[in-house]
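Novice: no sequence for this one, just the structure:
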């Protein structure tokens, strides 16, 4: 009966310019509150109580609106459908009345356009008796709504490109002045792009109060342009109406004439999100404004949204009415700020405030103790609560996403919580700071210990109130993508409890190095070492001095952890220490020529441009003149770096011999495979004989030691493998792993952050290696938050092209290592520049040109970047 009724209503379809619906989930509302809403049934002469009632308002811009909502109501109120027996709707003739009814508590939900959304936010902020307004859902077709600029073909100069400048001097017809797509957004764009004078704008005012929903004004604007009424030579209309005109779907518009005599301008106004369901956050006036009624109000809105989300386009009973409402595939969760672009246009006209109420965040925090989370934003799971995961949480929260970070450890911090003996940072503290929080525990120029970093990370969580978004002692065991692009995330708590959770997006922030996946040589776990009577440990398992004290220690490797542990073992009283390296690699001294901190050379714009002259520009990031400089620098820079190599070798007293990299590998190339910044501890230990440094490889074992490939035996009862970590993507389902296409030299991502073939997935910190990595991860998280909130636009073709260009460039000269795809390192300033440009922020961060070119870039230069996210929704 329900199916046939819905189909019957859909058959009475009018030609409607449809609007939107949404998703707001309040999964944790109490059973009692849910039963108040879904329980009971309609009773004659007995109106529902405010707690039971779910009353929605919508503007009747077309006679079909009633038919649409009659059909949706039938679904929502049925026990086999939405199970909301007390749902109903009321029609308004204009948005102003509808907004007033929402704020007065006469309706629970308002089906608002973007202008009405901004109006509701501003009016609510001015009323002390009303909670703030929040979007709780939308249709898929309302995302990235587009407007186009049209011009008569004969108004273009012969051979001239139809860019936005062609609109200057034209008489331009638009839709009604209250239409976001037909007037407000495109006119604001023209005025602030090419300085179009308002006197040249002719609005066609129809159905004021309906905010352009009827689109009659846009039709009249196109008609006026075709007829050149009053000298009109251009028009601003929605892309949807223009396409309908081209397709002959508008009786008043001659499609053939439109195609032949009109050209679409190449440039276009910014896209924006159109309609959304609006509701009030917190206390609702109809509930008496009492805090005890917060849960019931949230449950009511959540039940409504859950019911809407349960509609399924694949169900032949529901599909007709959903199509009638204009849905392409499904209802969707709300965007973070559906009125952002529209608000800007209104603000510039003096019709709205510059931003949402500054009290919004504090209001949200005030309600966060309740079981239901009313944010309404898309749900994001962040895997890991180290420096990259925490900054991802902060950035995404600032954009309104509902974020949960999972970490299997009892504390935040990742590898900084617990690592190998004497671990610490290999750069001075000013290069290892969160951009918005000074590392005050350590003096400038000092190299922080691991314990100091851990304390600093914990302070960051407290300072930015991130704790409520972090689930500790909770591991993610499986991540599976659903057909609609969302994710199922399986978690397991420390007490063994397992649970499946649904998220819209996933961020992998498990870092470049994970103690869960140590990389061990084959001989460390195979039969080769079966006769060895001592211990074989990965570096991440060496935590205490007594593990090496009085013992014969062999440390295998030549990275920072191997060098640190060779020195630490000697300091801890090991009987003997041998450092065994397969090849010689370049260390970078903390002070170049014992005078200049290394960052002045390698982390200044001048220094990075010297490197660029040798290697070439970083694709998609370095400035356009870089290719010219490289064409010259590739001949100039090799002898200069040859001098640098001699200087470094001399500083480490390692100019000749098997452990010297001099004359064996270039310092820049080697840095990209085995980067490390060292003091002279190892040099001095080797010189004093406390550490015996050999170049060689393990061939076999005896009970009391190892035999090297050259036949030499080294006595040992503890072997430490400082051999790094390996990546593991097995957490993803097979189909996702196939799409990620992990290659022999790593996972190649667009901007080191997002895969080109898997939607709603990102990697922050996990596939990016820069020198100031804590800063880089913060900027990466900020960039991602703007990408996912629709402020940064790209397309798959451009993404794939840039990834391929990056792949070709790196493979030409970087060492073939499993992490090659992630490496930025000495090109980090240009990568940061790209992030700043994409986010619309200032690229040059220094106070004057001399500092800009000759001073090192430090974390503090990016102070405020994450803070601005909340201000620029």
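Specialist: Received, thanks. Note that the structure is predicted; figures quoted are calculated from it, not measured. Residues are numbered from 1 along each chain as shown.

Novice: what are the ranges of the strands in the stretch 551-700 of the chain?
Specialist: Counting by DSSP state E, counting those that start in this stretch, the segments of the stretch 551-700 of the chain that form strands are 552-556, 576-581, 588-589, 591-592, 596-597, 677-678, 692-695, 698-702.

Novice: residues of the helix or strand just after the last one that come out buried?
Specialist: Tracing the chain C-terminally past strand 698-702 and defining elements by DSSP states H and E, one meets strand 705-708 next. Buried positions in strand 705-708, judged by neighbour count with 16 or more other CB atoms under 10 Å: 705-706, 708. Placement of C-beta: from N, CA and C, glycine included.

Novice: do stretch 519-537 as well
Specialist: Taking 16+ other CB under 10 Å as the criterion, stretch 519-537 shows 520-521, 523-524, 528-529, 532, 534-537 as buried.

Novice: can you check stretch 225-239 too?
Specialist: Taking 16+ other CB under 10 Å as the criterion, stretch 225-239 shows 225-226, 232-238 as buried.

Novice: Identify the farthest-apart pair in those residues.
Specialist: 233 and 238 (19.5 Å; CB to CB).

Novice: Quickly name whichever of the buried residues of stretch 519-537 is closest to residue 664.
Specialist: residue 521 (22.3 Å).

Novice: Touching, the closest one and residue 706? I think so.
Specialist: No - because the distance of 11.2 Å does not satisfy CB atoms under 8 Å, residue 521 is recorded as not touching residue 706.

Novice: okay, and the common contacts of these two?
Specialist: Both residue 521 and residue 706 are in contact with residue 698, where contact means CB atoms under 8 Å, 6 or more residues apart in numbering.

Novice: Which residue ranges of the stretch 251-400 of the chain form helices?
Specialist: Ranges of helices in the stretch 251-400 of the chain, per DSSP state H, counting those that start in this stretch, are 255-261, 294-309, 319-324, 340-348, 360-367, 387-398.

Novice: highest average neighbour count across the ones you listed?
Specialist: Ranked by mean neighbour count under mean count of other CB atoms under 10 Å, the helices of the stretch 251-400 of the chain are led by helix 387-398, which reaches a mean of 29.

Novice: ok, residues contacting that one?
Specialist: Contacts to helix 387-398, defined as CB under 8 Å, 6+ apart, come from residues 380, 382-383, 385, 403, 405, 407, 412, 414, 416, 434, 457, 460-461, 464, 466, 469-470, 507, 509-511, 764-766, 773-774, 777-778, 780-782, 784-785, 788, 866, 869-870.

Novice: circling back to that earlier point, how about the helices of the stretch 251-400 of the chain in JSON lines, adding mean pLDDT and distance to residue 684?
Specialist: Formatted as JSON lines, the entries for these read as follows, by pLDDT from 0 to 100; distance: least, CB to CB, whole Å:
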{"stretch": "helix 255-261", "mean pLDDT": "94", "distance to residue 684": "79"}
{"stretch": "helix 294-309", "mean pLDDT": "79", "distance to residue 684": "65"}
{"stretch": "helix 319-324", "mean pLDDT": "90", "distance to residue 684": "74"}
{"stretch": "helix 340-348", "mean pLDDT": "86", "distance to residue 684": "58"}
{"stretch": "helix 360-367", "mean pLDDT": "33", "distance to residue 684": "53"}
{"stretch": "helix 387-398", "mean pLDDT": "95", "distance to residue 684": "31"}
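
Novice: Now residue 321: closest residue in space that isn't a chain neighbour?
Specialist: The shortest distance from residue 321 to any residue other than its chain neighbours is 3.9 Å, reached at residue 71 (CB to CB, 6 or more residues apart in numbering).

Novice: before we move on, what SS does the one you found have?
Specialist: helix (DSSP: H, G, I helix; E, B strand; the rest coil).

Novice: where in this structure is pLDDT low?
Specialist: Counting by pLDDT under 70, the ranges of the chain that qualify are 1-43, 129-131, 158-161, 281-295, 335-339, 355-377, 514-515, 870-873.

Novice: Would you mind finding the longest helix in it?
Specialist: helix 626-651 (DSSP state H).

Novice: buried residues in that one?
Specialist: Buried residues in helix 626-651 (16+ other CB under 10 Å): 626, 629-630, 633, 637, 641, 644-645, 648-649, 651.

Novice: Test my guess that residue 53 contacts residue 86.
Specialist: Yes - with contacts counted by CB under 8 Å, residue 53 reaches residue 86, the gap being 5.2 Å.

Novice: Between the two, point out the one with more neighbours.
Specialist: When residue 53 is set against residue 86 and neighbours are counted by other CB atoms under 10 Å, the residue ahead is residue 86, at 22 against 17.

Novice: what residues are up against the residue nearest the centre of the chain?
Specialist: Nearest residue to the geometric centre of the chain (CA atoms, centre = their mean): residue 784, 2.3 Å. Residues touching residue 784, when contacts are defined by CB under 8 Å, 6+ apart, comprise 392, 395-396, 507, 753-754, 762, 764.

Novice: With residue 448 instead?
Specialist: Here residue 448 is in contact with 424-425, 429, 432, 439, 441-442, 456 (criterion: CB under 8 Å, 6+ apart).

Novice: buried subset of the residues you listed?
Specialist: With neighbours counted using 16+ other CB under 10 Å, the contacts of residue 448 contain these buried positions: 424-425, 429, 432, 439, 442, 456.

Novice: So which of the residues you listed sit within helices?
Specialist: For the buried ones among the contacts of residue 448, the ones inside helices are residue 456, with DSSP H as the criterion.

Novice: which of the buried ones among the contacts of residue 448 lies closest to residue 679?
Specialist: Compare each of those with residue 679 using CB to CB and the shortest gap goes to residue 424, at 10.8 Å.
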